[in-house]
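> Sequence and predicted structure, then a few things I'm wondering about:
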Amino acid sequence: MLSKKLSILRRRRLWVLVPARAVRGPQWEALPITRKRVSVSVFKNVIVYRIEPSWSQTSTQAEEALGANRFVACGPSQEKSAGWIEPRGQENGPLVESIGGQWLLEYMIESKALPASVIRRKVEERAAQIEATTGRKPGKKEKRDLKEDVTHALLPLAFTKHARIMVWIDPVERRLVVNASNVSRADEVVTSLVQCLEGFAVALLQTQTEPAAAMSEWLSSQEPPAGFTIDRECELRASDESKSVVRYAKHALDIDEVRQHIADGKRPTRLAMTWDDRVSFELTDAMVIRKIVFIEGTDSAVANKSGGKEDNFDADAAIATGELGQLVPELLEALGGEMRLGASAVDAANDTAAKLKEAPGGKSMGASTNGPTAEQLADESAPF
């Protein structure tokens, strides 16, 4: 006879069995208790880069270098402005915050948005005035000039949009993490860093196994890498001309239907996972880590979040850098390890072959296409 509540762990939810009222005999129903999430203001989506090993600067030197590109708001006729701001939000504060040896920076982009329909209408009105007074229709070049004039005249009246991008530099592990889900936006931040910091150079993390191939194997075998669990969201996309897409949301993925889609040639482009019951996230085929959620109890710094705004910034930074600093290496290991730029073709091929032999069930997990091949490494000199 059951005398107390029973609980089982089912992926990311704790299910508690409680007595259910029924006409015929005692029954039990499962009530899900969602785990509490830690509200962390930094790093919701990240793109990770490897910093070139010869770069060496102190935080003081970086502070001075970034100060030359401090953010200045757009002028009346300026369409866009970008630069570095204080991560804590304190006016005239430091641009480089060092917390536990981790550097936190923040990049601001301000842009003015003008509705295309408004610009088009104003251009048409001016073109109509020219036609009425001169009897001729403006040509393409003249319309382009009219568009520039209209845009310049309307900019002082336009609304401004702000984008704040948190940046984390780990000088010991030589890792750059940009809080962005869009590669082009992250590239803009990286370009500014390269221009500001002398000798600074980075490259996107490259893995021996491409993420799409690894995710296909995990879903087909239902054997995620050690320390990880597969959650309930996924997107599968066909690589043929049909470009068909299948999305699962809040749905079990350990079903034959998913395996059949993969067998038919669809490849995962997004897969929700949880690492060590501490961080949930979504991995994409472009090696972007999205929808990051830190689960309560991940770090002792959570206790400090009851303090003021400044204490919360320190706690948020400690939680994010501490957890992601462990998650990223384990994720790289799950993807066959990081591609060693500059390695010989023989070494790279041997490493890849060894990783493929260790894949669950002895199945090939596919060679990486998100980085250089062994032949390319042999033929081309590595950037660093």
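Looks like it arrived, so ask away. Source: prediction; values computed, not measured. Numbering: from 1, shown residues only.
> which helix in this protein runs the most residues?
In the chain, assigned by DSSP state H, the helix with the most residues is helix 309-334.
> so where's the stretch 251-384 of the chain uncertain?
Low-confidence segments of the stretch 251-384 of the chain, defined by pLDDT under 70, span residues 297-311, 341-384.
> where do the strands sit along it?
For the stretch 251-384 of the chain, strands defined by DSSP state E, counting those that start in this stretch occupy the ranges 266-275, 279-284, 289-295.
> Please tabulate the ones you listed in JSON lines, including the columns mean neighbour count and distance to Gln260.
Using the backbone N, CA and C atoms, a C-beta is placed for each residue, glycine as well. Shown next, in JSON lines, are these (neighbours: other Cβ atoms under 10 Å; distance: least, Cβ to Cβ, whole Å):
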{"stretch": "strand 266-275", "mean neighbour count": "22", "distance to Gln260": "9"}
{"stretch": "strand 279-284", "mean neighbour count": "22", "distance to Gln260": "22"}
{"stretch": "strand 289-295", "mean neighbour count": "19", "distance to Gln260": "26"}
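> follow-up on the earlier one: the longest helix of the chain: how far from the chain's middle?
Averaging C-alpha positions (Cα atoms, centre = their mean, to the nearest Å) puts helix 309-334 14 Å from its chain's average.
> elements contacting it?
strand 97-99, strand 102-113, strand 159-170, strand 175-178, strand 228-238, strand 266-275, strand 279-284, strand 289-295 (3 or more Cβ pairs under 8 Å, 6 or more residues apart in numbering; DSSP states H and E).
> Out of the strands of the stretch 251-384 of the chain, which is closest to Pro53?
Using Cβ to Cβ as the criterion, the shortest distance between Pro53 and those is 23.3 Å, found for strand 289-295.
> send the alpha carbons of the closest one over as PDB?
Taking C-alpha atoms only, strand 289-295 is exported to PDB below (Å, rounded to 0.1, in the frame of the first residue of the first chain):
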ATOM      1  CA  ILE A 289      23.600  27.700 -28.600                       C
ATOM      2  CA  ARG A 290      20.100  29.200 -28.200                       C
ATOM      3  CA  LYS A 291      17.400  29.600 -25.600                       C
ATOM      4  CA  ILE A 292      19.700  29.200 -22.700                       C
ATOM      5  CA  VAL A 293      18.000  28.700 -19.300                       C
ATOM      6  CA  PHE A 294      19.900  28.200 -16.100                       C
ATOM      7  CA  ILE A 295      18.100  25.900 -13.700                       C
END
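> Format the strands of the stretch 251-384 of the chain as TSV; extra columns: distance to Ala213.
Supplementary listing: these in TSV, determined by distance: least, Cβ to Cβ, whole Å:
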stretch	distance to Ala213
strand 266-275	8
strand 279-284	12
strand 289-295	17
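> Ser98: which of the ones you listed is closest?
For those, the distance to Ser98 is smallest for strand 289-295, at 21.3 Å, taking Cβ to Cβ.
> That closest one vs strand 279-284, what angle?
Strand 289-295 and strand 279-284 are oriented at 170 degrees to each other (axes from the mean of the first three to the mean of the last three Cα atoms, to 10 degrees).
> So which other helices or strands are in contact with strand 289-295?
Using 3+ Cβ pairs under 8 Å, 6+ apart as the contact criterion, the secondary-structure elements in contact with strand 289-295 are strand 37-38, strand 266-275, strand 279-284, helix 309-334.
> of all those, which lies closest to Trp84?
The closest approach between Trp84 and any of the helices and strands packed on strand 289-295, judged by Cβ to Cβ, belongs to helix 309-334 at 16.6 Å.
> in that closest one, what's buried?
Under the neighbour-count criterion of 16 or more other Cβ atoms under 10 Å, helix 309-334 has 312-328, 331-334 buried.
> Equivalent analysis for stretch 230-244, please.
230-231, 233-237.
> Is it possible to get CSV of the helices and strands packed on helix 309-334 that adds distance to Met339?
Output for the helices and strands packed on helix 309-334, formatted as CSV (distance: least, Cβ to Cβ, whole Å):
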stretch, distance to Met339
strand 97-99, 30
strand 102-113, 25
strand 159-170, 19
strand 175-178, 15
strand 228-238, 20
strand 266-275, 20
strand 279-284, 17
strand 289-295, 18
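> So which bits of stretch 109-122 are buried?
By neighbour count with 16+ other Cβ under 10 Å, stretch 109-122 contains the buried residues 109-112, 114, 122.
> whoops, stretch 119-137 was the one
Using 16+ other Cβ under 10 Å as the test for burial, stretch 119-137 gives 122-123, 126.
> Kindly confirm whether my reading is correct that Ile85 touches Phe71.
Yes - proximity of Ile85 to Phe71 meets the contact threshold set by Cβ atoms under 8 Å, at 4.8 Å.
> ok so, going back, among the buried residues of stretch 119-137, which lie within strands?
Judged by DSSP state E, the subset of the buried residues of stretch 119-137 located in strands is empty.
> just curious, which of the residues you listed is nearest to Glu338?
With Cβ to Cβ as the yardstick, the closest approach to Glu338 among those comes from Val123, at 51.4 Å.
> tell me the contacts of the closest one?
The contact partners of Val123, by Cβ atoms under 8 Å, 6 or more residues apart in numbering, come to 143, 146-147, 150.
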